[in-house]
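Engineer: sequence first, predicted coordinates after that:
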Amino acid sequence: MKALIVYYSQTGNTQKAARKIRDGLKAAGWEVYVSLLKNTKAEDLEDYDLVGIGSPVWYEMTPNMRLFVESLPDQKGKPAFCFCTHGTMPDLYFPLAVPRLMQKGFTVLGWDKWYGNCSIQIFPEPYYTAGHPDEKDLEDAFAFGKKMGEMGAAYCRGENVELPKSPMPNMMPMHANAAIDHLGGFHNVHGKLVRDPEKCLYPKCHICIDHCTMGYNDYSCDPPKYGSEGNCCDDRHGCTYCEMLCPTGAIHPEIPYEQAAPAGQDHGSELFCMVLEKAEKEGKFRRLIPFDKVGTKTPFYSVHNTHPRLKPLSTKADNE
Ligand SMILES: Cc1cc2nc3c(=O)[nH]c(=O)nc-3n(C[C@H](O)[C@H](O)[C@H](O)COP(=O)(O)O)c2cc1C
């Protein structure tokens, strides 16, 4: 029997989880193919008996994954599972993702999540969840994959499989509101991203075209298209991936990060600490970095202060 894992990952956390889930599925006897979201077509799912869908939490599913799921035809009961990695506030992911999968006709066998380090330009570096997912998280991911494999096999044999109840949100409304306020009411504090054609190396470089989460960019047309607005990017989840990957700084925020979120000032640490301390008390979070070592005064952009700030992931080991 064949299983497909489709995932999206920017900084590698979800990729690590996807690979361990793959190993767990293999241990349960499945032949597994792991596919990056951007290389996956809706019709690819037809060739598989079990499907796993994973992404980071960006409030809920990343928008590219959500659009992919929405584009799928009726899956007629095909068994599926979903997973994510997340920073501090993952609580809306499964309550939104699981019903989305069910609406597409999947039989959802289970879901799981793991903490992941968080790389957001204006957030602390190192972040509170630095070090995650660690060995322990990945052992859990393996066990989850094995369990999904065993359940999936039983389901495919026509056996009675006990399905989990739909997840309920566990987010205190004050956290949701505070998160929205913190994100500037869903506007980035640094404004939109813009592209400076003078500094851009296109056509020699096309990294921001190849790796845009939403496939917005095309500089071959006239006028060139950049970002969600065609001439700028107003992504309200805080995705600044193209800015991070750009080797020259041609893509930059309207309001320089230094101005929007000055290093040396504290941005939102009270909320993060409160949420994580609660999770820790409930046994859901393991602190791998002492909170006094968290870079509350050294935002990501100030530590990764040369371009590119980040390199895209290699997917070479996905199907080993
Ligand atoms: C644009 C953006 C939005 C995010 N939103 C959330 C969020 O709402 N809740 C949360 O817990 N983590 C959030 N995170 C943190 C990521 O979910 C976390 O770092 C994840 O492990 C990244 O996975 P990746 O390495 O596979 O890209 C966000 C990260 C980014 C870049």
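Structural biologist: Noted; the coordinates are in hand. Numbers count the residues shown, from 1 in each chain.
Engineer: quick one, grab the pLDDT at residue 301.
Structural biologist: pLDDT recorded at residue 301 is 97.
Engineer: the one 4 residues further on now?
Structural biologist: For residue 305, the model assigns a pLDDT of 98.
Engineer: sticking with it, tell me its helix or strand.
Structural biologist: Using DSSP states H and E, residue 305 is not contained in any helix or strand.
Engineer: burial of it, as a residue count?
Structural biologist: Neighbours of residue 305 under the rule other Cβ atoms under 10 Å: 11. Placement of C-beta: from N, CA and C, glycine included.
Engineer: cool, and the one 10 residues further on?
Structural biologist: In terms of burial, residue 315 registers 15 neighbours under the definition other Cβ under 10 Å.
Engineer: roughly how far apart are it and the ligand?
Structural biologist: Distance from residue 315 to the ligand, counting by Cβ to the nearest ligand atom, to the nearest Å: 12 Å.
Engineer: quick one: that residue and residue 296, what's the gap?
Structural biologist: With distances taken as Cβ to Cβ, to the nearest Å, residue 315 is found 33 Å from residue 296.
Engineer: now do residue 198
Structural biologist: The gap separating residue 198 from residue 296 is 35 Å, by Cβ to Cβ.
Engineer: the helix ranked longest in the chain - contacts with which helices or strands?
Structural biologist: For the chain, the helix with the greatest residue count under DSSP state H is helix 135-156. Secondary-structure packing of helix 135-156 (3 or more Cβ pairs under 8 Å, 6 or more residues apart in numbering; DSSP states H and E): helix 13-27, strand 50-56, strand 79-86, strand 107-115.
Engineer: if we use 6 Å, what do you get?
Structural biologist: helix 13-27, strand 79-86, strand 107-115 (3 or more Cβ pairs under 6 Å, 6 or more residues apart in numbering; DSSP states H and E).
Engineer: now distance to the ligand, mean neighbour count and mean pLDDT too, for the ones you listed, in CSV please.
Structural biologist: What follows is the helices and strands packed on helix 135-156, written out as CSV (distance: least, Cβ to the nearest ligand atom, whole Å; neighbours: other Cβ atoms under 10 Å; pLDDT from 0 to 100):
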stretch, distance to the ligand, mean neighbour count, mean pLDDT
helix 13-27, 3, 23, 98
strand 79-86, 3, 27, 98
strand 107-115, 7, 22, 98
